[in-house]
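K.L.:
Prediction below, plus the sequence it came from.
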Amino acid sequence: MFNLEQSITEWRRQMLAAGIKTPVPLDELESHLRDEIERQVRAGVPAAAAFPSAVGQIGTAPAVQTEFQKVAAPNAARQWRMTQLWWFGGPGLAVLAWSGVVFFNPVMTPDQRISGWAAGAVLLLLIAGGRLGCGLLPVIPDRRIRAAIGLTGCLPIILWVYVLTYLVLPRCDSGIGEFVVRLMWGFLTPFGILNGLAFGLEAAARKETGRPAR
């Protein structure tokens, strides 16, 4: 005897196996399936015949997954471009702010200004290097593991910032200019290493899984 609810449950299992794991789209598809079955049943079609007919109108699991991928790919590519823009643009704005401090500080010598700008340039190069060198990094598909690596990397950075703030910089007796330069190198370089690593791991995972990485 045909069991409609059992058939819909099996249909959902097939959709999940095909990769449609997001609850909202799957629930919407089930709603359309039920509506079509109900429409056909009201027209006199037995439920046992209405179910495969409604499934055929919605499409098989692989076909539905292909359509979802076609819709999702442009959105994923756009989101990744925006992520890269913010990932690089945020530190870029920080470098501009620090450069303003360096440039407009009258007590800084030309050598100190050059060193301060170099620290900002190194920050951006480290971030860009992580992105460009993603092919050399391990592929970690699980976003939670990548996030855990990033958080773990923050621990030595926090320790270093503490040492720099309370042990190194207070002993700097070379004037404001030298203090600013040491501050920039001390903060920007480790931040660039961590940010570049996180950026590279994200790019490596996206490239390996076939999602747009540009």
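P.N.:
Thanks, I have it.
K.L.:
and residue 134, how far is that from residue 207?
P.N.:
6 Å (CB to CB, to the nearest Å). Where you see a C-beta, it was placed from the backbone N, CA and C, and this is true even at glycine.
K.L.:
the more surrounded of these two?
P.N.:
residue 134 (21 against 15; other CB atoms under 10 Å).
K.L.:
So residue 140 sits against residue 202, correct?
P.N.:
No. Counting by CB atoms under 8 Å, no contact exists between residue 140 and residue 202, whose distance comes to 9.2 Å.
K.L.:
Find residues that contact each of those two.
P.N.:
residue 146 (CB atoms under 8 Å, 6 or more residues apart in numbering).
K.L.:
With neighbour numbers in mind, choose between those two.
P.N.:
The residue with more neighbours, out of residue 140 and residue 202, is residue 202; 24 against 16, by other CB under 10 Å.
K.L.:
list the contacts for that one?
P.N.:
Contacts of residue 202 by CB under 8 Å, 6+ apart are 83, 146.
K.L.:
can you list the domains in the chain?
P.N.:
4-59, 73-208 (automatic domain parsing).
K.L.:
Please work out which of those domains is packed deepest.
P.N.:
domain 73-208 (a mean of 15; mean count of other CB atoms under 10 Å).
K.L.:
any idea which helix or strand comes after the lowest-mean-pLDDT helix or strand in the chain?
P.N.:
Lowest on mean pLDDT, DSSP states H and E among the helices and strands of the chain sits helix 61-104, with a mean of 72. Using DSSP states H and E, the helix or strand that follows helix 61-104 in sequence is helix 110-132.
K.L.:
so what secondary structure elements neighbour that next one?
P.N.:
helix 61-104, helix 176-208 (3 or more CB pairs under 8 Å, 6 or more residues apart in numbering; DSSP states H and E).
K.L.:
Tabulate these (a markdown table), appending distance to residue 7.
P.N.:
Converted to a markdown table, the helices and strands packed on helix 110-132 look like this (distance: least, CB to CB, whole Å):
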| stretch | distance to residue 7 |
| --- | --- |
| helix 61-104 | 14 |
| helix 176-208 | 37 |
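K.L.:
okay, residue 12: pLDDT?
P.N.:
On the pLDDT scale, residue 12 is placed at 83.
K.L.:
secondary structure class for it?
P.N.:
helix (DSSP: H, G, I helix; E, B strand; the rest coil).
K.L.:
show me the contacts for it.
P.N.:
26, 30.
K.L.:
how close does the most far-flung residue of the chain relative to its centre sit to residue 8?
P.N.:
Within the chain, the residue lying farthest from the chain centre (CA atoms, centre = their mean) is residue 44, at 50.5 Å. Going from residue 44 to residue 8 by CB to CB gives 21 Å.
K.L.:
ok, now residue 114?
P.N.:
70 Å.
K.L.:
With residue 163 instead?
P.N.:
Counting by CB to CB, the gap from residue 163 to residue 8 is 61 Å.
K.L.:
still on that earlier bit, what does the pLDDT read for the residue farthest from the centre of the chain?
P.N.:
At residue 44, the pLDDT value in this model is 89.
K.L.:
and the gap between it and residue 97?
P.N.:
Distance from residue 44 to residue 97, by CB to CB: 72 Å.
K.L.:
For residue 107, grab phi and psi.
P.N.:
Dihedral pair for residue 107: phi -90, psi -10, per degrees, to the nearest 10.
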